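A.B. asks: kindly generate the corresponding structure for this input.
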Amino acid sequence: MRIGPSRKYMFNLESVAMTDIVLNMFIFFFISFSLIYTFNPTKAKHIKVNLPAAKHVADTQGKDEIVNITLSSEGPLYLEGNIVSLKELEAKLASSAKRNPSMAVVIEVDRLVAFKNVVRVLDVLNGLGIERLRIAAAQEEK
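C.D. replies: A predicted model of the protein is given here:
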């Protein structure tokens, strides 16, 4: 004879509920990681540019305001890591030059970029009266 409860409790988790939980977790992580990647401030600094080498490379750290312009071999023109057109470049540099007339511009040009594209950027800088200009180069290996 049995004394006590005769019922056995079974833990049962429905597969539909488990699927909902996993799907919601997937959506949460997918959205959060895509937002982290989209608004990552260090991402802008990873533009691949194959700079030409030079023996005498100057260090520009610790100087006045420096604006970086990058011409990559893939085609786009970057101002401070953001893709811009030539007209946008001119407008943004004009406003920066009004705020700080002593600003310097560093141009990073990939080896494979056509020289006419470099001349277009130099023409914009010349038209704005920006005289402090440097062209970036990689240190030549000995």
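
A.B. asks: let's test this: mean pLDDT of the top helix by length along the chain, rounded?
C.D. replies: Scanning the chain for the helix with the most residues, using DSSP state H, yields helix 15-38. Taken as a whole, helix 15-38 has an average pLDDT of 86.

A.B. asks: one more: stretch 78-96?
C.D. replies: Across stretch 78-96, pLDDT averages out at 90.

A.B. asks: which parts of that stretch are buried?
C.D. replies: Buried residues in stretch 78-96, counted by 16 or more other Cβ atoms under 10 Å: Y78, L79, V84, L89, E90, L93, S96. Glycine gets a C-beta too; all of them are placed from N, C-alpha and C.

A.B. asks: could you do stretch 117-134 as well?
C.D. replies: Neighbour-count burial for stretch 117-134 [16+ other Cβ under 10 Å]: V121, V124, L125, L128, I130, R132.

A.B. asks: skip the chain neighbours and tell me the closest residue to R134.
C.D. replies: Excluding its sequence neighbours, the residue lying closest to R134 (Cβ to Cβ, 6 or more residues apart in numbering) is V106, at 4.9 Å.

A.B. asks: surely that neighbour is within a strand?
C.D. replies: Yes: counting by DSSP: H, G, I helix; E, B strand; the rest coil, V106 is found in a strand.

A.B. asks: for it, which residues are in contact?
C.D. replies: With contact taken as Cβ atoms under 8 Å, 6 or more residues apart in numbering, V106 is in contact with T60, I66, V67, N68, I69, L133, R134, I135, A136.

A.B. asks: count of neighbours near the second one?
C.D. replies: For I66, the tally of surrounding residues (other Cβ atoms under 10 Å) stands at 15.

A.B. asks: give me phi/psi at it?
C.D. replies: Torsion angles at I66 (phi, psi; degrees, to the nearest 10) stand at phi -120, psi 130.

A.B. asks: list the residues that contact it.
C.D. replies: Listed by Cβ under 8 Å, 6+ apart, the contact partners of I66 are T60, M103, A104, V105, V106.

A.B. asks: next, format those residues as CSV and append distance to F29.
C.D. replies: Formatted as CSV, the contacts of I66 follow (distance: Cβ to Cβ, whole Å):
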residue, distance to F29
T60, 40
M103, 42
A104, 43
V105, 41
V106, 39
